[in-house]
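Visitor: Here is a sequence together with a model predicted from it:
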Amino acid sequence: MDNRAILDLLQVKNQDHIIHHVDRLPPNKKSKFFQNCNDLDLDLVFRLHNECCASKTTLSLRGNIKVPRIVSLPVRENERKSHYESKLVGESLISNGKVAVLIVAGGQGVRLGHNRPKGTFPVSPIMKKTLFQLLSEQVRALSFRYNAKIPLLIMTSVENHDDTVLFFDTHNFFGLDQNSVYFFQQGMLPTITPEGKLLLKDETSLFVNPDGHGGSLSALNKSGLLDMLMEQGFSELFYCQIDNPLVRIADPVFLGYHSQANSQCSTKVVRRQRIDEKVGVYVSLDGKDAILEYSDFGGKHMEALDDNGEILYWAGNTAIHIMNLSFVKTLNTHGFALPYHCANKNVEILDSKGTRKNVDAWKFETFVFDAIPFAERTCCMEVDRSEEFSPVKNKSGPDSPSTAHESMVKLHKRWLHDAGIIVPHERLVEISPLFSLDREELISKLKGTIMQVESDLYLA
Ligand code: UTP
């Protein structure tokens, strides 16, 4: 959009306060302002504002909600056999160079209060490895185990991009081939007041917010990386968030179930711990699988129990998915398919008198799980929370660095226990992904080893 077109649009949309501000800027700052506007989809934000005024929710819960089909944890012999068979299918997908990994690491990490990219947060119990290191080492171990090229795509935001790239650079990409690590930035959208007024962040830029984790699926396309992966023969994208140190990157069992179901979009879920746990819920909505945010789900469904008194809609979202790349392409074919959600936010802006003040505003973002209902074929798999899900969201309390630390220690102690090694209660343990990616690998590596653990134990 050229400068004239931007001004015309601002005029039509009654943004006189912005036009007056721009008029008063000296030429160098004026051109900076237009440059900053250039990447922003102003039309989209005005359209979303109108839609949001008409109705503040995107998903109607008047639909018919049912318990969906979910592959449960293996208990019986036939279920174990099925998991084993799926693992073989998943392993061959990785070995045949079909699987790429996407980690979303944009976002603002407000609750954690870490003033750098969330991935730079030190989280492992003994070595204090960062989230970026733990997840990158998994990718490295997988490439090694399956002798396969596994591209690692990392979505950043405009705010944390440079810091993230520098972090990888200064840590030698954690041993990964730097040609197989790709960084791309998520989109930003202007924040707007409920009255439809754009806001200034500073003299030369509008106030904007990252467009949500769903934006990864459009940014992947816009960056050209989606086409690149498809041209190179990759077909499946393993998706996860940076904040879960227990995630099993490209879990072959999950890949296998996804592939056998010919699924376009698959999800791992864990049992909800309490009826008031703030987690998205995987359901069937009008015959289509979907994840509903706990705030959209509502008390009646959230609290529903089955005949045994257990939570009826038990499947909590882990934000771990596998998507078929052609499906991701389809989501981008006629504009970007995912619906936008509107959230209230109090933001600090520059007002027309040049003073800073706080105002209430609306931000728009998309959620990656809204891709699920667009898929013709889906797959959902239950996993054990204590094995795979311990997100770092808050500074303290639930879902914090201390709970993640505790989960990692407990998990690795269980693996060691199964390998015949007992670790005293007061000792910490940490197993590097480069030593063992999972329990089975640890058991086979330590077979016949007799070990007396008398201090904290790090296996690398
Ligand atoms: P959260 O919704 O937990 O947001 O993101 P956050 O930014 O990490 O933390 P808060 O809410 O500000 O405290 C879940 C995951 O999605 C990514 C985050 O990096 C995290 O891995 N994300 C979120 C993005 O990449 N972009 C976004 O716009 C939002």
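Guide: Perfect, I can see it now.
Visitor: From now on I want contacts and neighbour counts done on CA atoms only, so please keep to that.
Guide: Will do.
Visitor: Tell me the spacing between K197 and the ligand.
Guide: 22 Å (CA to the nearest ligand atom, to the nearest Å).
Visitor: count of residues packed around the nearest residue to that residue once chain neighbours are set aside?
Guide: The spatial neighbour of K197 that comes closest, neighbours along the chain excluded (CA to CA, 6 or more residues apart in numbering), is Q15 at 6.3 Å. Other residues near Q15 come to 17 when the count uses other CA atoms under 10 Å.
Visitor: Okay, and the beta partners of the most centrally placed residue in the chain?
Guide: Residue closest to the average C-alpha location in the chain (CA atoms, centre = their mean): Q241, at 3.3 Å. Residues in a beta bridge with Q241, per DSSP bridges, are V104.
Visitor: All the strands of the stretch 151-300 of the chain, residue numbers only.
Guide: Taking DSSP state E, counting those that start in this stretch, the strands of the stretch 151-300 of the chain run over residues 152-156, 181-185, 188-190, 200-202, 205-206, 208-210, 236-241, 265-271, 281-285, 288-292.
Visitor: Can you tell me the strand partners of the first one and which way each runs?
Guide: What that stands for is strand 152-156. Applying DSSP bridges to the sheet, strand 152-156 is found paired with strand 99-104 (parallel), strand 181-185 (parallel).
Visitor: What are the boundaries of the helices in the stretch 201-350 of the chain?
Guide: Using DSSP state H, counting those that start in this stretch, the helices of the stretch 201-350 of the chain run over residues 215-222, 225-231, 252-260, 294-297, 299-302, 325-331.
Visitor: Next up, the contacts around G196.
Guide: Going by CA atoms under 8 Å, 6 or more residues apart in numbering, G196 touches 46, 49.
Visitor: got a pLDDT number for it?
Guide: Here the pLDDT value assigned to G196 is 97.
Visitor: can you check C53 too?
Guide: C53 carries a pLDDT value of 86.
Visitor: roughly how far apart are it and G196?
Guide: 9 Å (CA to CA, to the nearest Å).
Visitor: Return the residues of the chain in contact with the ligand.
Guide: Contact residues (CA under 6 Å from any ligand atom) of the chain with the ligand: 104-112, 210-213, 241-243, 393.
Visitor: same thing but 5 Å
Guide: Within reach of the ligand by CA under 5 Å from any ligand atom, the chain has these residues: 104-111, 210-213, 241-242.
Visitor: Is it possible to mark the buried ones in these?
Guide: Buried members of the residues of the chain next to the ligand, scored by 16 or more other CA atoms under 10 Å, are 104-109, 210-213, 241-242.
Visitor: What is the nearest of those to H20?
Guide: Distance to H20 across those (CA to CA) is lowest for P210, with 26.3 Å.
Visitor: so what's the closest residue to the closest one other than its chain neighbours up against?
Guide: Closest residue to P210 apart from its sequence neighbours, by CA to CA, 6+ apart: M188 at 4.4 Å. Shown in contact with M188 (CA under 8 Å, 6+ apart): 40, 158, 208-211.
Visitor: ok, M188 to P252 distance?
Guide: For M188, the distance to P252 (CA to CA) stands at 34 Å.
Visitor: quick one: low-confidence parts of the stretch 1-150 of the chain?
Guide: Scanning the stretch 1-150 of the chain for pLDDT under 70 picks out the ranges 56-62.
Visitor: Please, where are all the strands along it?
Guide: Along the stretch 1-150 of the chain, the stretches classed as strands by DSSP E, counting those that start in this stretch are 65-66, 99-104.
Visitor: rewinding a little: how about the residues of the chain next to the ligand in CSV, adding distance to E365?
Guide: Formatted as CSV, those follow (distance: CA to CA, whole Å):
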residue, distance to E365
V104, 14
A105, 15
G106, 13
G107, 11
Q108, 13
G109, 15
V110, 16
R111, 18
P210, 7
D211, 4
G212, 5
H213, 8
Q241, 16
I242, 18
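Visitor: Sort out which one of the residues you listed lies nearest F234 for me.
Guide: Nearest to F234 among these: V104, at 18.9 Å, using CA to CA.
Visitor: okay, the strands of the stretch 1-150 of the chain, which one's buried deepest?
Guide: strand 99-104 (a mean of 24; mean count of other CA atoms under 10 Å).
Visitor: For that one, which outside residues touch it?
Guide: Counting by CA under 8 Å, 6+ apart, 93, 150-156, 213, 216, 229, 234-242, 249-250 sit against strand 99-104.
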